[in-house]
Each structure stands twice: as structure tokens, then as C-alpha cells.
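> Provided below are the primary sequence and the corresponding predicted coordinates.
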Amino acid sequence: MRWDEAGALGVLNDMLINENSTTPFGKSTKLWEASADDEAKYCATALGELEELLKKEAETKMSQRRKAGELLPVLQKISEGLKGTAQLEGLKKQIEHLTEEKEKYLKGLRDAEERNKELQNHQHAMYDVLRERDEQLANLEGILKVARASEKKWKAQAQHLEAENQEKMMMLDRAEQDKKKLKDELDALKAKMKKMQDEDARAEE
């Protein structure tokens, strides 16, 4: 912003005039003082320099007061201090805003990292579950393989036992047939012997 010399002198002149009259500042007139808002907004050094300037000019006779050429550099220096403070305040607000944005970003980043960590832990847990399931399936496959081999062996043994049983049944059948045949032969022999005995008895008579 361009330095407004006429405006600066006008402001200074207004500050050296009593609010309730158009007479210059006197000893009984209360000097201008920075308000609480001014102190919160501007640099204390620059405000002190402005109050000191007003005090000196108010206490100096009109004929001995400094000319515009002397006042302007002082006013410009004070103005730059005030303006610099205002810029600093603006910069502080920008920094505060950026800090808040940074905190929000960092919080979002931390939340995202935490969520990513949770997802990774969940993924690892799922991997563990899948690995355990694969191990269980492999164990079951081994058990089934052994069971199938045992079943095959049992079937072979059952078939062998069945064949042996059939062979024994056939042997029993043959034995029964042989027994019946022997019985028939024995009965025939007994009948023949009885007949011979009967014939011998009749011959003796």
C-alpha cells in the first residue's frame, strides 16, 4: 500500500485535537491511548512510539512543534511497525489455520494408518485361518488316504474270508454227501447181512 503522507498528518492532527472542541491539545486534555483491541492487534513498541510522539507534540508549543518533513519519517516508521504487526497477525492467523489444517491432515493420516493397520491385522488373521484350514484339509486328506487304503485292505480280507467260507461250505456239502452215501451203503450192508442170517436160520431148520 502506498504511504499516504497527507492522510498520516490528518490522522495525527485529529489525535492532537480534543474530541469535544476544535482547540489544540492542552495540558488538561487526556492524551490518546491505545485501546485493548489496539494492544491485542498491534505491536506494543509501535503503539508506545505513537503515544510518545503524541505526548511530545501535545506538550510542545505550537511554534516549536516539528514540521511535516520531520514528522512524516517518524509517522512512516510507526506506521510500518503497526502495518508489520498487522501483517504479522495475519501471518499468525494463516499459520494457525495451516496448523489446524495440518493437524486435521495428520489426524486423517493417523486414522488412515490405524485403519490400514487394522486391515493388515485382519488380513494376517485371515491368512492364519486359511493356512490353518489348509493344514486341516491336508491332515484330513492324509487320514482319508489311510482310510481308503485300510478300506481296500479290509475289502480284500473280506473277499478272501468269503472265498474261504464258500470253500468250507462246499467241503461241508461234500462231507454231508459222503456221510449220506456211507450211511446208505451201511444200511444196504446191514440189510444184506440180515437177509443172509435169515437164510442161514431157515437152512438149519
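On my side now, so go ahead. No experiment lies behind these values; they were computed from the predicted model shown.

> what's whichever strand or helix holds residue 98 packed up against?
Assigned by DSSP states H and E, residue 98 belongs to helix 68-204. Applying 3 or more C-beta pairs under 8 Å, 6 or more residues apart in numbering; DSSP states H and E, we find helix 68-204 packed against helix 5-15, helix 36-41, helix 44-59. The C-beta positions use only the backbone N, C-alpha and C, and glycine is treated the same way.

> the inter-axis angle of it versus helix 44-59?
Here helix 68-204 runs at an angle of 160 degrees relative to helix 44-59 (axes from the mean of the first three to the mean of the last three C-alpha atoms, to 10 degrees).

> what's the burial count for residue 53?
For residue 53, the count of nearby residues is 19 (other C-beta atoms under 10 Å).

> from here on, call the first residue 333.
Okay, residue one is now 333; in that scheme the one you just asked about reads as residue 385.

> the nearest residue to it once chain neighbours are set aside and residue 386: what is the separation?
Distances taken as C-beta to C-beta, 6 or more residues apart in numbering place residue 406 nearest to residue 385, at 6.1 Å, with adjacent residues excluded. To residue 386, residue 406 is 11 Å away according to C-beta to C-beta, to the nearest Å.

> burial measure for residue 381, as a count.
17.

> hmm, it is touching residue 410, no?
Yes - counting by C-beta atoms under 8 Å, residue 381 does reach residue 410; the two are 5.1 Å apart.

> anything in contact with each of the two?
Shared contacts of residue 381 and residue 410 (C-beta atoms under 8 Å, 6 or more residues apart in numbering): none.

> any stretches of the protein with poor pLDDT?
Within the chain, the segments meeting pLDDT under 70 span 333-364, 371, 373-375, 390-404, 407, 413-423, 537.

> could you say which helix or strand holds residue 366?
Per DSSP H and E, there is no helix or strand for residue 366.
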